[in-house]
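Q: Here is a sequence with its predicted model. Questions after.
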Protein chains: 2
Amino acid sequence: MENMFDDSYFMKKALQEAEIAFDKGEIPVGAVIVVENRIIARAHNLTELLTDVTAHAEMQAITAASNFLGGKYLKDCTLYVTLEPCQMCAGALYWSQISKIIYGAKDDERGCTALGTKLHPKTIMVGGVLAEEASSLMKRFFIERRNLN
Amino acid sequence: MENMFDDSYFMKKALQEAEIAFDKGEIPVGAVIVVENRIIARAHNLTELLTDVTAHAEMQAITAASNFLGGKYLKDCTLYVTLEPCQMCAGALYWSQISKIIYGAKDDERGCTALGTKLHPKTIMVGGVLAEEASSLMKRFFIERRNLN
């Protein structure tokens, strides 16, 4: 029960990041990286603002966490991200050797599971934490901001 | 013949970037991005110096090219990179919708082909341009700098 509480707690922090992205007109994906119940990195998607496809929430969170830790390997770290990582982000997470990836909503089209991206043997990935909240935010974005309803 | 000359010419520029990485103690991978025979981005691997697994040559080149172009899609661009892109870089190139990827040495273990990373339908990838030069530089690095001989 305690772990479930923790995952929900940190995913809410990732969702707060996703909401910041939403307000900036970015596809609303947020992420935090946690070590021993401490958030060491927070990030949200900034691909439009930076005109840079590499500026996904996870990529920025990896860079920030490495900077915080002073090392490039994210051992004993957990990434909470509102949407299942894409090939690029899963590929970056592979290199980081991160211990755990917890995502919210599944991405059946461009997610790393559907596309078969290889994770590091040291990495565990779990999905579906606050998936409905993450998914609702995405749907609202595409209806309100991109008129795709 | 003209195209072959061009590919060799630009791959040499990517190899120069790889040599800069080598001199910095980085795994020697270099990249340039070209539009209409003009180099708009140059980069080399900086993962050690930046303690950041996302700092591959291709990732930096994508960011730099997008910045130069003022847009996040690399249409009509060609990436020249000395080593076959990994999952992360191929995933980033997917999002960039880059027109062409030309690499030097193949990476049978961690390259995007072996790992089945999906490229964008608009992207053509060709390997083997100055492969021997790129491969030799890599081998020399691991022998001289990492004592892996």
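A: Arrived safely.
Q: what's the helix ranked longest in chain A packed up against?
A: For chain A, the longest helix by residue count, based on DSSP state H, is helix A:2-23. For helix A:2-23, the packing partners by 3 or more C-beta pairs under 8 Å, 6 or more residues apart in numbering or on different chains; DSSP states H and E come out as strand A:30-35, strand A:38-44, helix A:57-69, strand A:78-83, strand A:100-105, helix A:131-144. C-betas here are computed from N, CA, C, even on glycine.
Q: looking at those, which is buried most?
A: strand A:78-83 (a mean of 28; mean count of other C-beta atoms under 10 Å in any protein chain shown).
Q: Specify the angle between the helix or strand that it is followed by and helix B:57-69 in degrees.
A: Moving toward the C-terminus from strand A:78-83, the next helix or strand (DSSP states H and E) is helix A:87-96. Relative orientation of helix A:87-96 and helix B:57-69, computed by axes from the mean of the first three to the mean of the last three C-alpha atoms, to 10 degrees: 140 degrees.
Q: any idea how far the nearest residue to residue A:100 once chain neighbours are set aside is from residue A:40?
A: Distances taken as C-beta to C-beta, 6 or more residues apart in numbering or on different chains place residue A:78 nearest to residue A:100, at 4.2 Å, with adjacent residues excluded. If you measure residue A:78 against residue A:40 using C-beta to C-beta, to the nearest Å, the figure is 10 Å.
Q: okay, and the common contacts of those two?
A: Residues touching both residue A:78 and residue A:40 by C-beta atoms under 8 Å, 6 or more residues apart in numbering or on different chains: A:33-34.
Q: Run through chain A and note the low-pLDDT ranges.
A: A:1-5, A:148-149 (pLDDT under 70).
Q: mind running it again at 80?
A: Residues of chain A meeting the criterion pLDDT under 80: A:1-5, A:146-149.
Q: Mind putting the helices and strands packed on helix A:2-23 into JSON lines with distance to residue B:127?
A: Shown next, in JSON lines, are the helices and strands packed on helix A:2-23 (distance: least, C-beta to C-beta, whole Å):
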{"stretch": "strand A:30-35", "distance to residue B:127": "33"}
{"stretch": "strand A:38-44", "distance to residue B:127": "33"}
{"stretch": "helix A:57-69", "distance to residue B:127": "25"}
{"stretch": "strand A:78-83", "distance to residue B:127": "32"}
{"stretch": "strand A:100-105", "distance to residue B:127": "30"}
{"stretch": "helix A:131-144", "distance to residue B:127": "36"}
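Q: who in chain A is up against chain B?
A: A:47-48, A:51-54, A:59, A:62-63, A:66-67, A:70-73, A:86-92, A:94-96, A:115-118 (C-beta under 8 Å from any C-beta of the partner chain).
Q: which of those count as buried?
A: Among the residues of chain A next to chain B, those classed as buried by 16 or more other C-beta atoms under 10 Å in any protein chain shown are A:47, A:51-54, A:59, A:62-63, A:66, A:72-73, A:86-92, A:94-96, A:115, A:117-118.
Q: Against residue A:113, how distant is the residue nearest to residue A:100?
A: Noted for residue A:78: a distance of 18 Å to residue A:113, by C-beta to C-beta.
Q: what do you get for residue A:82?
A: Distance from residue A:82 to residue A:113, by C-beta to C-beta: 16 Å.
Q: So residue A:128 belongs to a helix, correct?
A: No - counting by DSSP: H, G, I helix; E, B strand; the rest coil, residue A:128 falls outside a helix, being coil.
Q: got the contact list for the closest residue to residue A:13 other than its chain neighbours?
A: Once flanking residues are discounted, residue A:13 sits nearest to residue A:32: 4.8 Å by C-beta to C-beta, 6+ apart. By C-beta under 8 Å, 6+ apart, residue A:32 lies in contact with A:10, A:13-14, A:17, A:39, A:41-43, A:61, A:79-80.
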